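Participant: Predicted model and sequence below, questions to follow.
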Amino acid sequence: MNQSVTDQDVLDAYQKVTNEIDVETRRLQVQIGGSPCPANCYDCCHNTATMTISEIEARDLRIGLQKLPKEIQSHILEKACKSITKLEAAGFLEENTPEASGMDMIDALKGTPEGACPMLVGGVCSVYNHRPIICRVWGYPMNNGNEIGCCWKTFIGRRKEYTPIQYNRYWEECRDLSKATGNISRTPNCYLVKNLLS
Ligand code: SF4
Ligand code: SF4
């Protein structure tokens, strides 16, 4: 990292990114008169045990995990380890994950309890204020660089009526902030959580 840029500077810059995203989601909430998601829905957390997380997001996530009671941390670690065990049984090894196809890893756990995000505890995101940026924008129309994406359950038939969240720009900012830390790798969720909590 550039010696004049501290870890705290990078985290502060990331905080600005997440604050901007939160302003954007609130803009859309005001426009539609509330949250786009049905009550008690957390389907989008079900197949995210292997979603990849950047270094800057991981640094913020570490802060969120450290705030949790020890017994919740142990529960999350246990869930992450179960996902990893299932991945290993399917032939995926942690040291090979950069070469592994993300979709193949998702398919190995899809629809199983081990496919769920380890940080989903009792139907609630245990690290809500520190969650990765994709978790903040899912459910809202977003520009991912190629097209306007959105959760299939929200903004049905009216996605083009709203100015989308510029997800591609926020993602690029995360990539640049990760680069400033000297680590541009993206780590699958369950491996990252295990490393942060072990
Ligand atoms: S970090 Fe939170 S919001 Fe994101 S997938 Fe996990 S439980 Fe869901
Ligand atoms: S984004 Fe979609 S899957 Fe996730 S909570 Fe909202 S409606 Fe449910």
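Facilitator: Received, thanks. Keep in mind it's a predicted model, so treat the numbers as computed, not measured. Ligands and ions are numbered 1, 2, ... in the order given.
Participant: For this structure, list the residues in contact with ligand 1, please.
Facilitator: Within the chain, the positions near ligand 1 by C-beta under 6 Å from any ligand atom are Cys45, Thr48, Cys117, Met119, Leu120, Cys125, Val127, Arg131, Cys135. The C-beta positions use only the backbone N, C-alpha and C, and glycine is treated the same way.
Participant: Next, count neighbours for the first one.
Facilitator: What it means is Cys45. Residues within reach of Cys45, counting by other C-beta atoms under 10 Å, total 21.
Participant: Likewise for the one 3 residues further on?
Facilitator: The burial count assigned to Thr48 is 23, neighbours taken as other C-beta under 10 Å.
Participant: Next up, phi/psi of the closest residue to it other than its chain neighbours, please.
Facilitator: Once flanking residues are discounted, Thr48 sits nearest to Cys117: 4.3 Å by C-beta to C-beta, 6 or more residues apart in numbering. When read as degrees, to the nearest 10, the backbone of Cys117 gives phi -60, psi 130.
Participant: for Arg186, same thing?
Facilitator: The phi/psi pair for Arg186 (degrees, to the nearest 10) is phi -120, psi 130.
Participant: OK, contacts around it?
Facilitator: When contacts are counted by C-beta atoms under 8 Å, 6 or more residues apart in numbering, Arg186 touches Thr52, Ile53, Ser54, Glu55.
Participant: per-residue pLDDT, the residue lying closest to Lys194 once chain neighbours are set aside?
Facilitator: In this structure, Lys194 finds its nearest non-sequential neighbour in Ala80, 4.6 Å apart by C-beta to C-beta, 6+ apart. On pLDDT, Ala80 comes in at 98.
Participant: Could you do Lys179 as well?
Facilitator: Looking at Lys179, its pLDDT reads 96.
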